[in-house]
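Colleague: 3D, please:
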Amino acid sequence: MKTDGFDELDRSLVQALQLDGRAPFSRIAEVLGVSDQTVARRYTRLRGANMIKVLGLPDPAALGQTEWLVRVQCTPDAAVAVAEALARRTDTSWVSLMSGGTEIGAVCRAASSRDSDALLLQKLPRTPSVVGVTAHCLLHEFYGGPLGLVNKSGALTEEQAAQLRHPSFDAAHRRAAGLSAPSAPVTLADADRRLLAALAEDGRTGLAELAAVTGWSQSTVRRRLTELRADGILYFDVDYDARHFGLGVMVSLWLSVAPSELAATGAALALHPEVAFACATTGPSNLFASVLCPDVRSLYTYLTTRIAALPAVRHMESSPLIRRLKGAGPHGSGRPVPGPAAPAPAGRVR
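Modeller: Okay, the predicted model is just below:
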């Protein structure tokens, strides 16, 4: 199922960038056994064709923000318009059309309970053609963020991955496993916010440009990047089309697990090769996962083997992704999966 335009070197480059989004091309080239020029040329081609994009993103938890997994039910004629309105908001990510095209899935970030109330209790429910809204607070992330599904692809050998892995990557693993306590929320300076905004547009933005954006010297920018990564405030992700890795079916799973088994089940789920994201949430379905498989038959096998083997799972609901309108970045960095043209807007979410 691997699509045209990506070969093994391209896939290795994507995993290398997931392990360290700002790794010098010379270091990646040395590990992959090719020339610096080859890596630079491959990255330029893929980036120029909008096939990959490195994103430098803040960790919401490190900033004291709350994340909500939101499910919005709409009338069929309005779902695309409402989803596009959600995707335009800077406090949303991973906006997708789900199921039969009448449900929208999204992640919403809020700096305070007032912000949460404004979107979840006032704006969305009052939007024309929205017939239902449910929101699940994200309590703990078992897999996702800087870890990335590409790290389960086998594009790099274990030895190559170890050579390229940034220290912040291992720190993220420890936090996901519950082996280290999260740091106290930090307050960013205005220059920090400008730095993060530039990196959210392009995680590999050069030091000279970042210095111009922040008003700092290049040495100060370099030092601040090191500090933000070490403190778990800044991480890097790679936006790419999973079909280039042979993964053509994406499904959201909502699982109900006995509370005493939630941590163990979440940790086991995080190890599944098919799982791109897994977290504990509030609500009757207290464990959520995004799953990618090559095709429907593979999905069936996954559900009836790996999921079925988790003894604490009492109930499962699956919701297939039809079209992704927005990925991890704040400004719609995710490329949409081809779908039908949007109807005339039936309402707006602002």
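Colleague: In three-state terms, label the closest residue to Gly178 other than its chain neighbours for me.
Modeller: Nearest non-adjacent residue to Gly178, counting by Cβ to Cβ, 6 or more residues apart in numbering: Ala263, 6.8 Å away. Bear in mind the C-beta positions are built from the backbone N, C-alpha and C, glycine included. Following DSSP: H, G, I helix; E, B strand; the rest coil, Ala263 is assigned to helix.
Colleague: wait, isn't Ala263 in contact with Ala176?
Modeller: No. The pair Ala263 and Ala176 does not pass the contact test of Cβ atoms under 8 Å, sitting 11.2 Å apart.
Colleague: so what's the most centrally placed residue in the chain up against?
Modeller: Centroid-nearest residue in the chain, with Cα atoms, centre = their mean: Ala328, separated by 4.5 Å. Neighbour list for Ala328: Leu55, Leu57, Ser93, Trp94, Asp237, Asp239, Gly334 [criterion: Cβ atoms under 8 Å, 6 or more residues apart in numbering].
Colleague: try 6 Å this time
Modeller: Leu55, Ser93, Asp237 (Cβ atoms under 6 Å, 6 or more residues apart in numbering).
Colleague: now what about the lengthiest strand in the chain, what contacts it?
Modeller: Ranked by number of residues, the top strand in the chain under DSSP state E is strand 130-143. Strand 130-143 has contacts (Cβ under 6 Å, 6+ apart) with 67-74, 120, 124-125, 176, 266, 270, 275, 278-283.
Colleague: ChimeraX command for the buried members of these?
Modeller: The buried residues among these can be selected in ChimeraX (16 or more other Cβ atoms under 10 Å) with this line:
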select :67,68,69,70,71,72,73,74,120,124,176,266,270,275,278,279,280,281
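Colleague: circling back: would a markdown table of the contacts of Ala328 with distance to Val80, pLDDT and secondary structure be doable?
Modeller: Output for the contacts of Ala328, formatted as a markdown table (distance: Cβ to Cβ, whole Å; pLDDT from 0 to 100; DSSP: H, G, I helix; E, B strand; the rest coil):
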| residue | distance to Val80 | pLDDT | secondary structure |
| --- | --- | --- | --- |
| Leu55 | 25 | 96 | strand |
| Ser93 | 18 | 93 | strand |
| Asp237 | 26 | 95 | strand |
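Colleague: Now list the buried members of these.
Modeller: Leu55, Ser93, Asp237.
Colleague: Tell me which helix or strand in this structure has the weakest average pLDDT.
Modeller: Comparing helices and strands within the chain by mean pLDDT, DSSP states H and E singles out helix 113-117 as the least confident, with a mean of 64.
Colleague: Enumerate every residue touching Leu228.
Modeller: Leu228 touches Leu234, counting by Cβ under 6 Å, 6+ apart.
Colleague: Need the three-state assignment for it.
Modeller: helix.
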